[in-house]
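> Here is my input, please return the structure:
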Amino acid sequence: QVQLVESGGGLVQPGGSLRLSCAASGNFLSIDVMGWYRQAAGKERELVASVTSSGSTNYADSVKGRFTISRDNAKNTVYLQMNSLKPEDTAVYYCNADLSYYRGVYLRRDDYWGQGTQVTVSS
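Presented below is the predicted three-dimensional model:
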């Protein structure tokens, strides 16, 4: 069974910083893309940033220049460094991993999600 465990959310003032972490554990062969999504109250979930196993990154326009995604492949962990936070960054942040595993003799590939961590930017 695969688990994604997030940490690092909380309350921060505008202009402040937070660092989110997400560690994947369980029985799997490899992880391709890892990413962070967020969902604000009353809005749809949106991609914040993603990183491939080779280190290629992708960011939402709204966070470019403020957020940095990185990963430690040896630890199956992805990080999101969030700087210059704004009230509009307030949301539940979800970790996502696109990973491969064997089910019997068959190689499968699925998306897994973390439980979410609240980030609140407010004075």
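> quick one: contacts for the residue positioned nearest the centre of the chain?
Nearest to the mean C-alpha position of the chain, counting by Cα atoms, centre = their mean, stands Trp36 at 2.6 Å. Listed by Cβ atoms under 8 Å, 6 or more residues apart in numbering, the contact partners of Trp36 are 20, 22, 47-50, 69, 78, 80, 93-96. All C-beta spots, glycine's among them, are computed from the backbone N, C-alpha and C.
> Alpha carbons of the strand ranked longest in the chain, in PDB - could you do that?
If you go by DSSP state E, the chain has its longest strand at strand 91-103. Included here for strand 91-103 are C-alpha records, laid out as PDB according to Å, rounded to 0.1, in the frame of the first residue of the first chain:
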ATOM      1  CA  ALA A  91      -5.700  26.800   0.400                       C
ATOM      2  CA  VAL A  92      -5.400  23.100   1.200                       C
ATOM      3  CA  TYR A  93      -2.200  21.900  -0.500                       C
ATOM      4  CA  TYR A  94      -2.200  18.300  -1.700                       C
ATOM      5  CA  CYS A  95       0.800  16.200  -2.700                       C
ATOM      6  CA  ASN A  96       0.500  14.000  -5.800                       C
ATOM      7  CA  ALA A  97       2.700  11.200  -7.100                       C
ATOM      8  CA  ASP A  98       2.500   9.400 -10.400                       C
ATOM      9  CA  LEU A  99       4.100   6.100  -9.600                       C
ATOM     10  CA  SER A 100       4.600   2.600 -11.000                       C
ATOM     11  CA  TYR A 101       4.200  -0.700  -9.100                       C
ATOM     12  CA  TYR A 102       3.600  -4.400  -9.700                       C
ATOM     13  CA  ARG A 103       0.300  -6.000  -9.100                       C
END
